[in-house]
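Participant: return atomic coordinates for the entry below.
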Amino acid sequence: MPARRFLYIVAGLIVLTLGSAFAYRMWGQHMLAAVMVPNTAYRAPPALTAQDYARADLWIARPDKGAENPALWLPPKVSPPANTGNAAIFFVHPTSYLAPFNTAKWNAPIDDRDSQAMASRFIASQASAFSAAGAIWAPRYQQAHFGAFLRSGGNADKAINAAYRDVAAAFAAFLAANPDGPIILAGHSQGSMHLMRILKEQVAGKPVARRIVAAYIVGWPVSLTADLPALGLPACTGPDQSGCILSWQSFAEPAEPSAILDGYARYPGMTGATRRGTPMLCVNPLTGTPDSAADKTANLGTLAPGSSEDESQLVAKAVPARCGTGKQAGFLLIGEPPQMGPYTLPGNNYHVYDYALFWANVRLDAERRLAAFLRR
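Facilitator: Numbering: from 1, shown residues only. So this is what the prediction gives:
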């Protein structure tokens, strides 16, 4: 097997389904960059507008998708809710574009079969947690290639900005289709990064802010001082609070998040201030409160993977969760490494499983916050 191909396979296994902005120190950023950063010239993808997003084919999930809607998937033995909530959920999926570096574009083509199939699986395993709260809208978008997050400036920034442009257009179409009523924002990894910018540019200080039940910025760090003040919503401080932001990043123990911290310091915050040394938001999905702890008896159901989606199972009391302190401050610690599948990342990083670890609790959390919003 040629050495380059071997390196690509190793790197692919490390980063598969990962949409984070951070290279992992122990595996070597240079190795990852060598096999994951596109080496093709940057070409801006076609601009998509809110008018384009009126088309059903530009959405992976939306209410009129019927049986083709992956957001309606539920784990075996989990029944659809008797009464679905009346929120509209805008969900942005994580990076699923991992084409080989020598053929990859900087932005995924909207019709790329492999990345779209993986994105649909993300919608099924992640966005489905919100289906009891209302109808889920999840756009296709010309996402930045994974390699864009191993570089800064230049083509990488162009790719990320182009991806955000699509998400912003989709959000405008989503608001046009849902002109009133409660809204839940949710995403993961690259999707959460784009949602932070949506909050800053499209929500903060605008009438729509009063409609936000909660924003789940999962798998992406949120600085309490360099990000949060620009997002227009406070951090969630209680399980029955609405109009607030949740964020967590899952690590088993012993946790080694130094690579994440390196990337966190490298990127400026949404306020423009440096993030270096600033505290991160950690809202425990088992308690709905920040900087808290709960043992595994509070975990209502972890989505344990099977050989297929139909064989996945909800397993109660699988893992505990506590927001770390000291060098692990801001990270969600889940105890000894659970068996979740092959995509655990270096440093005991369970990024890929941020939703799956707490699927049933996220489902309850969204319903509870929606009820609080309606009471308010």
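Participant: could I have the top helix by length along the chain exported to PDB, CA atoms only?
Facilitator: Using DSSP state H to define each element, the chain has its longest helix at helix 154-177. Coordinates of each C-alpha in helix 154-177 appear next as PDB, following Å, rounded to 0.1, in the frame of the first residue of the first chain:
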ATOM      1  CA  GLY A 154      -6.700  32.400   2.500                       C
ATOM      2  CA  ASN A 155      -8.600  29.600   0.900                       C
ATOM      3  CA  ALA A 156      -9.700  28.200   4.200                       C
ATOM      4  CA  ASP A 157     -11.500  31.400   5.200                       C
ATOM      5  CA  LYS A 158     -13.000  31.700   1.800                       C
ATOM      6  CA  ALA A 159     -14.500  28.200   2.000                       C
ATOM      7  CA  ILE A 160     -15.900  28.800   5.500                       C
ATOM      8  CA  ASN A 161     -17.400  32.100   4.500                       C
ATOM      9  CA  ALA A 162     -19.000  30.600   1.400                       C
ATOM     10  CA  ALA A 163     -20.500  27.800   3.600                       C
ATOM     11  CA  TYR A 164     -21.900  30.400   6.000                       C
ATOM     12  CA  ARG A 165     -23.400  32.300   3.100                       C
ATOM     13  CA  ASP A 166     -25.600  29.300   2.200                       C
ATOM     14  CA  VAL A 167     -26.600  28.800   5.900                       C
ATOM     15  CA  ALA A 168     -27.600  32.400   6.100                       C
ATOM     16  CA  ALA A 169     -29.700  32.100   2.900                       C
ATOM     17  CA  ALA A 170     -31.300  29.000   4.300                       C
ATOM     18  CA  PHE A 171     -32.100  30.700   7.500                       C
ATOM     19  CA  ALA A 172     -33.800  33.600   5.700                       C
ATOM     20  CA  ALA A 173     -35.900  31.100   3.800                       C
ATOM     21  CA  PHE A 174     -36.700  29.300   7.100                       C
ATOM     22  CA  LEU A 175     -37.900  32.500   8.700                       C
ATOM     23  CA  ALA A 176     -40.000  33.300   5.600                       C
ATOM     24  CA  ALA A 177     -41.700  29.900   5.900                       C
END
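Participant: other SSEs contacting that helix?
Facilitator: Contact here means 3 or more Cβ pairs under 8 Å, 6 or more residues apart in numbering; DSSP states H and E; on that basis helix 154-177 packs against strand 87-92, strand 134-139, helix 190-198. (C-beta placed from N, C-alpha, C; glycine too.)
Participant: centre of the chain to the last one, how far?
Facilitator: Distance of helix 190-198 from its chain centroid, counting by Cα atoms, centre = their mean, to the nearest Å, is 8 Å.
Participant: buried residues, whichever helix or strand comes after it. List them.
Facilitator: Scanning forward in sequence from helix 190-198 by DSSP states H and E, the next helix or strand is strand 212-218. Neighbour counts over strand 212-218 (16 or more other Cβ atoms under 10 Å) mark 212, 213, 214, 215, 216, 217, 218 as buried.
Participant: stretch 81-94 now?
Facilitator: Those would be 85, 87, 88, 89, 90, 91, 92, 93, 94, for stretch 81-94 by 16+ other Cβ under 10 Å.
Participant: correct me, but residue 317 touches residue 296?
Facilitator: Yes. Between residue 317 and residue 296 there is a contact at 4.7 Å, judged by Cβ atoms under 8 Å.
Participant: so between those two, which is more surrounded?
Facilitator: residue 296 (16 against 13; other Cβ atoms under 10 Å).
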